[in-house]
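Undergrad: Whatever this is, show me its structure:
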Amino acid sequence: MSENISNLVNAIEGGNALETENAFAAAIADKLSDKLDAMRQDVAKNMFASPEAVMEDEPVADEVEVEEVAEVEEVSDVEETEQ
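TA: So this is what the prediction gives:
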């Protein structure tokens, strides 16, 4: 168990609200810091990945064009029914 968690438990047992608040804030700060460090490492590892791996997440131009054509057709259908 980390030192901050031990301090938090001791503060809760002691009934000291201010000390409990400070220990809780320190414990959360440590967990947040650890998570951010892990995320930084992940970003750094993938930053210079091959372009193929990065492009997989981006939409393909043909897919976007098909969606745009479908939207235009829907607008045309609505305009025809209104006339």
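Undergrad: drop to CA atoms for contacts and neighbour counts, all remaining ones
TA: Fine.
Undergrad: Kindly state the pLDDT recorded for residue 55?
TA: We have a pLDDT of 54 for residue 55.
Undergrad: cool, residue 49 as well?
TA: So residue 49 comes in at 77 (pLDDT).
Undergrad: Check the secondary structure at it for me.
TA: Put simply, residue 49 is coil when judged by DSSP: H, G, I helix; E, B strand; the rest coil.
Undergrad: burial count for it?
TA: By the criterion of other Cα atoms under 10 Å, residue 49 has 11 neighbours.
Undergrad: now residue 11
TA: Other residues near residue 11 come to 19 when the count uses other Cα under 10 Å.
Undergrad: so which strand or helix has it?
TA: helix 3-14 (DSSP states H and E).
Undergrad: Residues in contact with that helix: which ones?
TA: 17, 19-20, 23-24, 26-27 (Cα atoms under 8 Å, 6 or more residues apart in numbering).
Undergrad: at 6 Å what do you get?
TA: 19-20, 23-24, 27 (Cα atoms under 6 Å, 6 or more residues apart in numbering).
Undergrad: Return the helix or strand in this protein with minimum mean pLDDT.
TA: helix 61-82 (a mean of 56; mean pLDDT, DSSP states H and E).
Undergrad: Quick one: mean pLDDT for stretch 28-42?
TA: 94.
Undergrad: Pull that stretch out as CSV, backbone CA atoms only.
TA: Taking Å, rounded to 0.1, in the frame of the first residue of the first chain, the C-alpha atoms of stretch 28-42 are listed here in CSV:
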residue,chain,number,x,y,z
ILE,A,28,-5.8,11.0,-6.0
ALA,A,29,-2.9,13.2,-7.3
ASP,A,30,-0.6,10.2,-7.2
LYS,A,31,-3.1,8.0,-9.1
LEU,A,32,-3.7,10.7,-11.7
SER,A,33,0.0,11.3,-12.1
ASP,A,34,0.6,7.5,-12.7
LYS,A,35,-2.2,7.4,-15.2
LEU,A,36,-1.0,10.4,-17.1
ASP,A,37,2.5,9.0,-17.2
ALA,A,38,1.2,5.8,-18.7
MET,A,39,-0.8,7.7,-21.3
ARG,A,40,2.3,9.8,-22.2
GLN,A,41,4.3,6.7,-22.7
ASP,A,42,1.5,5.3,-24.9
